[in-house]
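>>> the amino acid sequence is not available; the structure is as follows:
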Ligand SMILES: O=C(O)C1=C[C@@H](OP(=O)(O)O)[C@@H](O)[C@H](O)C1
Ligand SMILES: C=C(OP(=O)(O)O)C(=O)O
């Protein structure tokens, strides 16, 4: 079959005000918690894209009623008790879905389910959730002894554990906290470095048991809880592409409104500021537990920096777009602490290095670091490696000079309409 591609002409100054689609992490979690609640609740402005539509599909197969209401979802919960699915549950490309739903299914006593996904998801490490869930009493098996999907799970009585995360992962933390809602006793997760805290904020929103003391997060067995409407903020990870596009195309000024500014997600802003970016942002409201506001970005000559390794977990999905900014900066940018990027939808360290080279940028790739020699890119062809963030980041990297993006449809995993929105700003008034 012929591969698709999209040719983007050099983009004039980006100008305008934009809202990006709903936050992917909050949409996954909002759907799951509403499916476990009693009664009906609405999820306002959720993300409707490949990954989160997989979540809606899986939850329907587990008995939840999920209907579209214009841009929103109306969810009828099952009250902590999900139904046994009739068929295999296809998690598509979504790591967050597979890991979090495993935590929920582990505690559904007697319910049997099989989880699978696309070839990318079947390669990704699942032992990181399966092992601690087994320590709680979960009955899970799968390929390579449960390290990879397909995974089979039969819900069993669970008991709380204390667990220190060996890798910084909000997905592992969340899977254990969700399992903790079904476990006897206390479940405690300790995270050596902070990761996104949407699950904790949503537990509070729904009145679920939660205690946070420093870097220890505790929950315990939940009683049935009522559904409650939830507003999903714009996804900062999607906004990041437009912010960097504005920073690298001369004459640009872009404002992204209604975007989530949870500090566990916005590490990229700190790095871009250190690179000399003209950025301004403000939290205007805290909607249902998540800070929401605007970010303004103006074209700025950027300079290379050495990125603080501690910031990486707070910008784990923004490293590809940071690499695009680094390619346009003067001097060298060093990005450390990238081992987790090797196990995302693609090996993102490799994918970044490949695409930078394809655009004529000098780059050195270490086991868990990248060194990027900036100075601008030349016209070339970029390859998404079946990875939405790579497709969008390298479309932006090539924007000032024009670029061919192969298989641009990968963007639809987290941002349907990305290219329409991007081109809408190019040369806008
Ligand atoms: O919890 C989440 O919603 C996510 C956590 C991160 O993954 P890890 O937990 O593997 O770091 C991130 O990369 C992913 O896009 C979404
Ligand atoms: C890593 C990502 O998602 P997931 O792990 O849910 O596939 C991402 O969206 O960049």
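Now that the structure is in, tell me what you want to look at. The structure displayed is predicted, hence computed values, not measured ones. Numbers count the residues shown, from 1 in each chain. Ligands and ions are numbered 1, 2, ... in the order given.

>>> looking at this structure, which helix or strand does the model trust least?
strand 278-287 (a mean of 92; mean pLDDT, DSSP states H and E).

>>> now the element after that one, going C-ward?
strand 290-298 (DSSP states H and E).

>>> what lines up beside that following strand in the sheet?
Using DSSP bridges, the strands paired with strand 290-298 in its sheet are strand 253-260 (antiparallel), strand 278-287 (antiparallel).

>>> would you turn these into TSV with mean neighbour count and distance to residue 129?
Glycine gets a C-beta too; all of them are placed from N, C-alpha and C. As requested, the strands paired with strand 290-298 are exported to TSV (neighbours: other CB atoms under 10 Å; distance: least, CB to CB, whole Å):
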stretch	mean neighbour count	distance to residue 129
strand 253-260	22	24
strand 278-287	14	29
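
>>> format those as CSV; extra columns: distance to residue 177.
Below are the strands paired with strand 290-298 laid out as CSV (distance: least, CB to CB, whole Å):
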stretch, distance to residue 177
strand 253-260, 20
strand 278-287, 21
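
>>> wait, a strand at residue 217?
Yes - according to DSSP: H, G, I helix; E, B strand; the rest coil, residue 217 belongs to a strand.

>>> show me what contacts it?
173, 177, 188-191, 200, 210-211 (CB atoms under 8 Å, 6 or more residues apart in numbering).

>>> specify which member of these is nearest to residue 265.
Nearest to residue 265 out of these is residue 200 (CB to CB; 13.3 Å).

>>> and the closest one, what pLDDT?
Residue 200 is assigned 98 on the pLDDT scale.

>>> for it, pull up the helix or strand it's in.
Residue-wise, residue 200 maps onto helix 198-205 under DSSP H and E.

>>> buried ones in that helix?
198-203, 205 (16 or more other CB atoms under 10 Å).

>>> stretch 311-330 too?
For stretch 311-330, by 16+ other CB under 10 Å, it's 311-329.

>>> follow-up on the earlier one: neighbouring contacts of the helix holding residue 200?
By CB under 8 Å, 6+ apart, helix 198-205 touches 23, 25-26, 29-30, 33, 170, 173-174, 177-178, 209-210, 212, 217, 219, 228, 230, 262, 288-290.

>>> can you state the direction angle for it and strand 278-287?
30 degrees (axes from the mean of the first three to the mean of the last three CA atoms, to 10 degrees).

>>> what's the next helix or strand after helix 198-205 in contact with?
Counting by DSSP H and E, the next helix or strand C-terminal to helix 198-205 is strand 211-213. Under the contact criterion CB under 8 Å, 6+ apart, strand 211-213 has outside partners 200, 217-219.

>>> which one of the residues you listed sits closest to ligand 2?
residue 200 (17.9 Å; CB to the nearest ligand atom).

>>> from the buried residues of helix 198-205, pick the one nearest ligand 2.
residue 198 (12.3 Å).
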